[in-house]
Structures are given as C-alpha cells and as structure tokens.
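K.L.:
Take this sequence and fold it.
(chains A and B)
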2 protein chains.
Amino acid sequence: MAIKFAKRMDKLKGSEIRELLKLTEKPEVISFAGGLPAPELFPVEEMKKISTLVLEEAGTAALQYSTTEGFQPLREHIADRMNSKNKTNVNKDDILITNGSQQGLDFAGKVFLDEGDVVLCESPSYLGALNAFKAYSPKFIEIPTDKNGMIMEELEKVLATTDRVKMIYVIPDFQNPTGRTWPLERRKKFMEIIEKYEIPVVEDNPYGELRFEGENLPSLKSMDKKGLIIFLGSFSKIFCPGYRIGWTCASHEILQKFIFVKQGADLQASTISQREVSKFMDIYDLDAHVEKLKEVYSRRRDLMLKTMKEELPEGLEYTHPEGGLFTWVELPGDLNSKVIMEDCVKNNVAYVPGGSFFPNGGKENCFRLNYSTATDDQIVEGIKRLGVVLRKHMEVETTEA
Amino acid sequence: MAIKFAKRMDKLKGSEIRELLKLTEKPEVISFAGGLPAPELFPVEEMKKISTLVLEEAGTAALQYSTTEGFQPLREHIADRMNSKNKTNVNKDDILITNGSQQGLDFAGKVFLDEGDVVLCESPSYLGALNAFKAYSPKFIEIPTDKNGMIMEELEKVLATTDRVKMIYVIPDFQNPTGRTWPLERRKKFMEIIEKYEIPVVEDNPYGELRFEGENLPSLKSMDKKGLIIFLGSFSKIFCPGYRIGWTCASHEILQKFIFVKQGADLQASTISQREVSKFMDIYDLDAHVEKLKEVYSRRRDLMLKTMKEELPEGLEYTHPEGGLFTWVELPGDLNSKVIMEDCVKNNVAYVPGGSFFPNGGKENCFRLNYSTATDDQIVEGIKRLGVVLRKHMEVETTEA
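P.N.:
Okay, here's the model as predicted:
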C-alpha cells in the first residue's frame, strides 16, 4: 500500500543534520551544536511561587479555554516591553501570543505563501525558519551578506528583477547562524527599499535583548511607516523556552490573518503558561534577569573567542558577535564541514555544519558554534579538541594544494 | 497599498457566526453555544501541588526545550490509557504530543492535502476541523448521516465514483455537533470500506470517555489492520483545556510526517504543561475525575432533554446523546436558525446555528445545544426562553403554510 501524502511532504524529510546531531547526544561529546539557553539561570524558585499564585488568584480561569489572541495582561506587558526595548509604538491589540516565535514563522508561511512564490532571506539564514516556510512550497532567493548583514544593493537588484516576491525574512540582531547585526544605516536603507516595493517583512528577533556591547539599535518595526513589518518575539531566550510563549506584532490587517490562522491551527496558546509568564513580569524584574543572562553569555563568548584565537589554526575566519548565542566560522577553500564533523564526533566535540543554513545549498566550508550552554571548562576543552581536528584537515588541504 | 496574501486566506475570513456569538457574551445571556468543559470541576487544588512538585523534582529540565515527539512518560500514560479505554494496542512510539487535538487536525491537513484534493466528512461535521482543513484548500464531500452516524452505503458510493479522495474525517463517538455515536456494525463496515480503498482516516475522539449510558465501543484505531487510522485525543474534555495538551496516534510512516510538521510548526508542546499533566496521572486518579465529570454532565443532559420535552414546541426533533457535550435540534421546513438566533439573543438565550457545520452549506433549519457548562437553573430558564422564541417562529411557519 502507498498512502498518498501532500506534495509538500517530499520537501519535509528528516534532515541528515538531525541524524548527525543525534550522535552528539552522548555525554562524552562537548556539543556547541545546540541553541539552548543556559538552564542554570532559569528562575525555578520564582516559578514555584508563581505557579501557586496564579492558581490561587485565577482559579479555574487559569485552566479553561481563553481567547485566540492571548491573555490581555501578557499582551500589555509585551507591548510595553517592545516600546521600551525595540523603540516601537505599539499596544496590546497589535500582539498575538504564539507557541514560541517558531509558530509565527509557520503562520507567516501560511498567510503569505502560495506554491512557487518567492521568499528572500539572508545567506545564510535560520534553518528552522526555512523549514517552516518550506511547508508552503516557495522558492528561496538568498541575498548575499557581509559582516554587516544583508547587502542592500543586492536586495534591491533582486527586487527590481524578480516577480512573485511575497515575503522577506530577516534577523537583523545577532543573526542565527552568523551572530551578525545590521548597523543603523543599513536598517534605514532596508526600510527605504521595502517601502518602495511594499513587500511584507518578517523581522525575527529572539535575541535582540541579549546585547553584550555596543549601542542598542532600533528594530525595523520601529521604523515601519507602512505596516509591512511582522515582528516575531519570544520569551525562550530571555526567560525560559519550556512555556513555549512567543508573540507576533503586526499591523491590524496582517495580524487579523494571523489570528484566523491561529484559530485553525490550535485555537490558542496555553492559558496557564500565558498567565504564569505574565505574573512573573508583574512581580519580578525581567530586566534584572536578562542582565544576569547577558553577564554569563558575554563571559562565555569572550572565553570562546579567546580560546579560538589560541587553539584554532590560522586561515579561518569567525564572527565577533555583539550579542546573542552564536559565532560563525568560515574555513578556507573547499573544506567540507560535514565531512570534518564526522571526525569531530570521533573526537567528542560537535558544531552544526553550515550547509543547511543555505536554502539553495552549495556552501559547505562553514559551521555554527553556540556559546550559551557549555561551562567554561567545556568551552576550553571543546575548542581545543576542535582545533586538533581542524588542524589535521587544514594541513591536508595545504599539502594537497 | 495592497499586501498580497496567499490564496488560501480568501477562505479563512472571520465567520459571521463568530460575530454573532460575540453578542452572546453579555452576562444576561444564557448561552448553550459554547463547547466548554465545566470549570467548577477542574482540579485546581491538585494542580497547585503538582506544579510545585514538578519544579521540585525536574528543576530546570521542566523549563527547557525538549523533544518534538513529547515527554516520554506522558506518551506512555497516553498509550496505556488508549489501550484500556479505546481497546487499541499501541505504545509511546505511536504517540505525538500536540497543542490540543486541534493541532492534530491542522497537521492532518498539512500532511495529506494538496489544493483541490477531496476530504470526506460526516454531514454535519465539526466546524473547527473544517476550518483547519480549509487552510489547505481541499474540496469537501459530505456523506449523509442518520441517527447512527455516517451512512456506509453513501460512503461507498462516493468512494467508488470520486477521484482524489485523500482523507476521511470522522467523529464516531458523541459527534460534534450532533451527539451521535456509530454502532459497532457500522464501525466494522467502515473499516472494511476504507481498507478496500486504502484512504487515511482522521478519527477525532475528544469525548469518547464521556459515556453516560450504553456500552463502550471499540475505537476505529483498535480495528486498524492497515495503519490507516490517525487517532486524535485530548485532555481538554477529560481534564482541563488550559494546558493545550492533546495527542496524535498513528502508524510509524504517518506519525513521522506529523513529527516533521510539528518541528516546523512550533518545535514542541510546552515542556512544563506536559510534565504537569503526566504528574497528575502519576499521583491522582484520572478515571475517578472522569467519573465525576460524567455524573455532572449526564445529569445536565437529562435535565436539558427533560426541559426540552416540556418547553419546546411540537414538530422539531433532537438527538439523545449517550455521552459527550451536545445535542442537535432539527426544525421543520424552511425555518432558518440564523434568523431565529437574532430573536434568541434579544431574549437572552443562545445556541450555535447549524449551517456552518455543513462545509458546502445549504442547510439552515438546525442548531447545536451544549449542556456541559450551564447550571441546572440556567438550563431550565434558558430552554424556557428558547421555547418561547421557537414557538413564535414555528407558529408563523404553520400559519404561512
């Protein structure tokens, strides 16, 4: 028997990367492959108090169905926080609560994409977003990037010559996978271009608050005069991912579509999770919590970059992220990070090979390192192991050349 | 400016029903329109203990990302429960945790449906499922029903003469909206037919455990020899909906597709919600809780049916559900329940007009009543008010005829 699936399922096969990463789950492997927040900083004691308090105060309402849009006080907290951190001017009615920002990515695909429509994204871009969009069978065009993110001349060239561009997907702050941030001038230029072409833009911003150095930059949403920017936010990286609470902030016309889609997709986010996150923001200081995260992550970033300088061979390049969770390594020539990864796993260290961050493929000499989860000792020892493996492969390369 | 949305969004407009139901939210309206479980039965005190206990025992793991498939002990609980209640023979690896069973409906659409594919469903069928599927632009063919559910001769006729049938959607136990249940013989005949045509079937079973009278019947899943049945279950009606925890149980090949789709849609269900529901099942007696629900709901059903007999005019018909949350009323002739609803709202009583439960429209002389949420006094007073309105409209009808 052959069950007939939808055509889209041909593109949603299990990735070889996911299989490879399963090998890294052995306890002896020091893995820089994940993107997890550091669990030792989760507010476990506070959440014990909160969970009791929510049930005491709200009673059965905390366990019942509620509205698709989300818990109103939480949406108010989010609007206030965006206005303060992302320099926007929004209110609760501009906010829909989603299951993490990942769900906002899926909804963007569902709301905007017909089969064969074109999505523009940074090259490379976040794998999880590309996979979410793939369910709606678009074509991807990758816009080249440099150390300051998307290159605006390239974007304009593509927009001027391409039909059916329905959506642009970008991560201007501490991008996944590169850790790069767009400077202010580039943001302004971007807004100028997309307002000319009137293309909706998904601004994915899970890491924006995790800035270790340099100046906070205004979000694209804060410069959005035409209601084109769909801002995706999340509590996963500034609080805890286990509640699966994120949000979408968009203009009325677009947000209404997202709300219809949410209704059909799963009715609403967890009532009790929403109330717990909201109550945490009522009685604790989320800013202070984020400060603690930044302290720890920035120290880990420093240690990783310092150890990379000492232990990795010459001839490769990597980014210096001003915040977020990742640095991005580019290897010389034809070195294939997927091949090298097999050696890494044997030497008990792991990263994510870079190829899968390019929706159209073709670039394998790069990989992503995460510095938020490992301890100091693991960072030093893991980068040393990585150095040994890379040195071996890069010497072979040099000898062969 | 005109933002270009995907074509599917044309079909996902806000329903007029939803607008109408907003009018019923005034406190003076006795509404039988909802489908909510009775909140006074939610285990608030137990969940206070559980939420503290989960954080004490699991610590940060309760707040971190976890696997897409779901929390293993919860999947084990669910498999055990299905084997006991639904007479299946499944294990944890056959189970994916979703955000309520609604998410399983969305995923079924995503996994099986290309634009123009055909979905077969009972006539009438659950509005929320039809809306979830509509996002994938199928055609619906409604299979006629009688008091024992789907008529199998009609199903076979349609299957024999229709191309591109990709999926069948059914609710064999205490159907929403009719409250009807398929007898054993009809289930057997159904399995014979779909095994001949090898069409995947979504068996939606949110109410199956809420049987007040008669004999428990085996689920379609328990008779599934060819791996065609996708069983959707939920804690919303037997526990609380606020956690948004449901599940999909399917054969390996199909479940793998659902897991890929879950990964792209929102990564995973809430870690902490899954652990809390699982812990409740560890230390409390969910069966005893369900017994309490059945007691209350069955008493309310009895009271509603008795009051309907006393207060509603002659000449209409309604179902006698053996379980679940709903009864279904059919009015004589051309009476339009949407028109009558406007009068009901003026008289401070509400139901869901039946038209929207028919995906292809064309039948308006019917409506759905819910008996799980209202108190005894509200049931008596609400049905009295309904009787007054219906009598008025039916007398006009008779006079005109």
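
K.L.:
what's the distance between A:E317 and chain B?
P.N.:
Going from A:E317 to chain B by Cβ to the nearest Cβ, to the nearest Å gives 30 Å. (Each C-beta comes from the backbone N, C-alpha and C, glycine too.)

K.L.:
partner residues bridging the nearest residue to that residue once chain neighbours are set aside?
P.N.:
Among residues not flanking A:E317 along the chain, A:E330 sits closest, at 4.8 Å (Cβ to Cβ, 6 or more residues apart in numbering or on different chains). Note on A:E330: beta-bridge partners A:E317, A:C366, judged by DSSP bridges.

K.L.:
Spit out the contact partners of A:E330.
P.N.:
Contacts of A:E330 were listed using Cβ atoms under 8 Å, 6 or more residues apart in numbering or on different chains, and they are A:316-318, A:365-366.

K.L.:
Are any of the residues you listed buried, and if so which?
P.N.:
Among these, those classed as buried by 16 or more other Cβ atoms under 10 Å in any protein chain shown are A:316, A:318, A:365-366.

K.L.:
mind giving me the domain split of chain A?
P.N.:
Domains of chain A are assigned by automatic domain parsing as A:8-42+A:288-394, A:44-283.

K.L.:
Which of these sits closest to B:G208?
P.N.:
Closest approach to B:G208 among the domains of chain A (Cβ to Cβ): domain A:44-283, 19.5 Å.

K.L.:
Compute the inter-axis angle for the helix or strand hosting A:G264 and helix B:252-266.
P.N.:
Using DSSP states H and E, A:G264 maps to helix A:252-266. Helix A:252-266 and helix B:252-266 meet at an angle of 150 degrees, taking axes from the mean of the first three to the mean of the last three Cα atoms, to 10 degrees as the criterion.

K.L.:
What is helix A:252-266 packed up against?
P.N.:
The helices and strands touching helix A:252-266, judged by 3 or more Cβ pairs under 8 Å, 6 or more residues apart in numbering or on different chains; DSSP states H and E, are strand A:95-98, helix A:100-112, strand A:246-249, helix B:100-112, helix B:127-134.

K.L.:
run the last query once more with 6 Å
P.N.:
Counting contacts by 3 or more Cβ pairs under 6 Å, 6 or more residues apart in numbering or on different chains; DSSP states H and E, helix A:252-266 packs against strand A:95-98, helix A:100-112, helix B:100-112.

K.L.:
And A:T161, how far from A:E198?
P.N.:
Between A:T161 and A:E198 the computed distance is 17 Å (Cβ to Cβ, to the nearest Å).

K.L.:
Between these two, which is the more surrounded one?
P.N.:
For A:T161 and A:E198, the more surrounded residue by other Cβ atoms under 10 Å in any protein chain shown is A:E198, and the numbers stand at 13 against 7.

K.L.:
For the more buried one, give me phi and psi.
P.N.:
The phi and psi values for A:E198, taken as degrees, to the nearest 10, are phi 50, psi 50.

K.L.:
Tell me how far it lies from chain B.
P.N.:
5 Å.

K.L.:
same check, this time on A:E395
P.N.:
Distance from A:E395 to chain B, by Cβ to the nearest Cβ: 37 Å.

K.L.:
what sits against A:F280?
P.N.:
Counting by Cβ atoms under 6 Å, 6 or more residues apart in numbering or on different chains, A:F280 makes contact with A:I50.

K.L.:
Give me the mean pLDDT for the one helix or strand it maps to.
P.N.:
For A:F280, the element it lies in under DSSP H and E is helix A:271-283. Taken as a whole, helix A:271-283 has a mean pLDDT of 97.

K.L.:
again with stretch A:83-102
P.N.:
Averaged across stretch A:83-102, pLDDT comes to 97.

K.L.:
Over to stretch A:365-372?
P.N.:
The model assigns stretch A:365-372 a mean pLDDT of 97.

K.L.:
quick one on the thing from earlier: tell me the one among the buried ones among the contacts of A:E330 nearest to chain B.
P.N.:
A:C366 (23.1 Å; Cβ to the nearest Cβ).

K.L.:
For A:F133, see how far away the closest one is.
P.N.:
Going from A:C366 to A:F133 by Cβ to Cβ gives 21 Å.

K.L.:
Write out the residues of the stretch 201-350 of chain A neighbouring chain B.
P.N.:
Residues of the stretch 201-350 of chain A lying near chain B by Cβ under 6 Å from any Cβ of the partner chain: A:240-244, A:257, A:260, A:264-267, A:270-273.

K.L.:
Could you figure out how far the helix or strand A:R81 falls within is turned away from helix A:271-283?
P.N.:
Per DSSP H and E: A:R81 is located in helix A:72-85. On the basis of the same axes, to 10 degrees, helix A:72-85 is oriented at 50 degrees to helix A:271-283.
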